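J.: No letters, just coordinates:
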């Protein structure tokens, strides 16, 4: 198999060929003479998300491409996600620099008193496409397009909606069945365009590691195998860039980590509070709860007393360090489970007890996220202290040469990683 890969990739340089062995032969540029023209001055920023990738997955001896990027770039052992440490809120934080309470995507499942009769959820395609859910902030691709920097999103929460009336120059509707290699090849096709129409900012999203972590747990062979598969896709991307003589600035992140769960660690809300007193908006590692009419005092008395494996607050009393609870979309009561525990309405409400979950305290070790930066703009072999994921946004804006909007991020946190 290795000999065959080498034969297929003989036209590549030795370094590129080695990458191609790891990733499969990456798609070649359509017209090399045109594609490589002036590429020495073309340094796109590519923001890659590997959903649910814990930094310690790098120590399982299955991620040679990612580990090489770490050794020759910038790395932190822990990037702190925002609370709640779940997918949509943190992906929008990464591209707006605002915490969920400020950008409005406060959960994967949420309600808005101004959008009556609609519950936002990952499976509600109409809601995901409705800009009203996203317009409380402005993501990188919108600001960039307004400033004549072309953008392309190979999947990213929010990128299908016309946020503030603007979409990326190139985007694809999310298709969870599209294999990682095909996602990479779509991006490489965008980079095969004439120089003047190529994007300066791109996103790439992989969800395989997150799915494996949920189904099997973070410490299983299946999750390790998914990490290996995504690493191969990263290798394919690197090889494709090298064949095109494109020196990109890569920022590879995850949105959160993953914690092991168990059927022995489940909290049944129906045993904590009278069922007629509440309506559950979202559940799992944390729960968002609304009182039914006239039952707020009954619900408060049940939830706000001490519990062994969860802590509940009125939204206005959530501790300040979570930066959460002021947005109108946050339910009036929020309960947070101890790491590894799950909150459901009923013990039989969900059968996914023995896999993994996230959404817990964003400072817990299990929830820490990945950060690797590598490219011509970055120093090499640098390990930096932990930082908050809101700081990614001003870094990207600096790299693409567009003035950032006001955010919760601080560019000075990461500016020393640049040449």
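T.: The structure has been received and is ready for your questions. In this text, all values refer to a predicted model and were calculated from it rather than measured experimentally.
J.: Just the element for residue 409, please.
T.: Mapping residue 409 onto the secondary structure by DSSP states H and E places it in no helix or strand at all.
J.: So for it, what's the pLDDT?
T.: Listed pLDDT for residue 409 reads 98.
J.: which residues does it contact?
T.: With contact taken as CB atoms under 8 Å, 6 or more residues apart in numbering, residue 409 is in contact with 97, 388, 390, 391, 392, 393, 394, 395. Every C-beta, even on glycine, is put in place using the N, C-alpha and C of the backbone.
J.: State the three-state secondary structure for the fourth one.
T.: Okay, so that is residue 391. helix (DSSP: H, G, I helix; E, B strand; the rest coil).
J.: Test my guess that it contacts residue 415.
T.: No - with contact taken as CB atoms under 8 Å, residue 391 and residue 415 are classed as non-touching, separated by 9.8 Å.
J.: Comparing the two, which residue is more hemmed in?
T.: Higher neighbour count among residue 391 and residue 415: residue 391, with 22 against 12, using other CB atoms under 10 Å.
J.: Low-confidence ranges, the protein, go.
T.: Using pLDDT under 70 as the threshold, the predicted model of the chain has low-confidence ranges 1-38, 347-353.
J.: repeat that for 90
T.: For the chain, the stretches flagged by pLDDT under 90 are 1-41, 346-354.
J.: So it: which segments form each domain?
T.: 2-260+369-417, 266-354 (automatic domain parsing).
J.: Of those, which is nearest residue 362?
T.: domain 2-260+369-417 (4.3 Å; CB to CB).
J.: quick one: the closest one to chain centroid distance?
T.: Remark: domain 2-260+369-417 is offset 8 Å from the chain centroid, using CA atoms, centre = their mean, to the nearest Å.
J.: three-state assignment of residue 373?
T.: Classification of residue 373 into helix, strand or coil gives strand, according to three-state DSSP.
J.: Contacts only, for the closest residue to it other than its chain neighbours.
T.: In space, and not counting its chain neighbours, residue 373 is closest to residue 74: 4.2 Å by CB to CB, 6 or more residues apart in numbering. Contacts for residue 74 were tallied using CB under 8 Å, 6+ apart; they are 371, 372, 373, 374, 378, 379, 382, 383, 384, 417.
J.: Which members of these are classed as buried?
T.: Among the contacts of residue 74, those scoring as buried are 371, 372, 373, 374, 378, 384, 417 (criterion: 16 or more other CB atoms under 10 Å).
J.: For stretch 173-189, buried residues please.
T.: For stretch 173-189, using 16+ other CB under 10 Å, the buried residues are 174, 180, 181, 183, 184, 185, 186, 187, 188.
J.: One more: stretch 319-333?
T.: Applying 16+ other CB under 10 Å to stretch 319-333 flags 322, 323, 324, 325, 327, 329, 330, 331, 332, 333 as buried.
J.: hmm, back to that, which of the contacts of residue 409 has the largest number of neighbours?
T.: Using other CB under 10 Å as the neighbour test, these are led by residue 97, with 30 neighbours.
J.: Can you verify my assumption that that one contacts residue 388?
T.: No - under the contact definition of CB under 8 Å, residue 97 does not touch residue 388, with a separation of 9.9 Å.
J.: Assign residue 395 to helix, strand or coil.
T.: Residue 395 falls in the helix class when you classify it by three-state DSSP.
J.: Now do the contacts for it.
T.: 251, 409, 411, 414, 415.
J.: Tell me the spacing between the residue nearest to residue 373 and residue 398.
T.: Taking CB to CB, to the nearest Å as the measure, residue 74 falls 14 Å from residue 398.
J.: Buried deepest among the domains of the chain, which one?
T.: A comparison of the domains of the chain by mean neighbour count, using mean count of other CB atoms under 10 Å, puts domain 2-260+369-417 on top with a mean of 20.
J.: where along the stretch 301-419 of the chain do the strands fall?
T.: Secondary structure of the stretch 301-419 of the chain (DSSP state E, counting those that start in this stretch): strands located at 310-314, 333-337, 342-344, 356-357, 371-374, 382-384, 387-388.
J.: Output these as JSON lines; include the columns distance to residue 217.
T.: Output for the strands of the stretch 301-419 of the chain, formatted as JSON lines (distance: least, CB to CB, whole Å):
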{"stretch": "strand 310-314", "distance to residue 217": "21"}
{"stretch": "strand 333-337", "distance to residue 217": "16"}
{"stretch": "strand 342-344", "distance to residue 217": "13"}
{"stretch": "strand 356-357", "distance to residue 217": "5"}
{"stretch": "strand 371-374", "distance to residue 217": "23"}
{"stretch": "strand 382-384", "distance to residue 217": "28"}
{"stretch": "strand 387-388", "distance to residue 217": "27"}
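J.: Which of those sits closest to residue 40?
T.: Judging the strands of the stretch 301-419 of the chain by CB to CB, what sits closest to residue 40 is strand 371-374, at 17.8 Å.
J.: Can you verify my assumption that residue 284 contacts residue 359?
T.: Yes - because the distance of 5.7 Å satisfies CB under 8 Å, residue 284 is recorded as touching residue 359.
J.: Helices of the protein, residue ranges please.
T.: Residue ranges of the helices in the chain, as given by DSSP state H, are 2-8, 14-23, 32-35, 64-71, 87-96, 100-103, 125-128, 140-146, 180-190, 208-216, 221-243, 296-303, 392-400.
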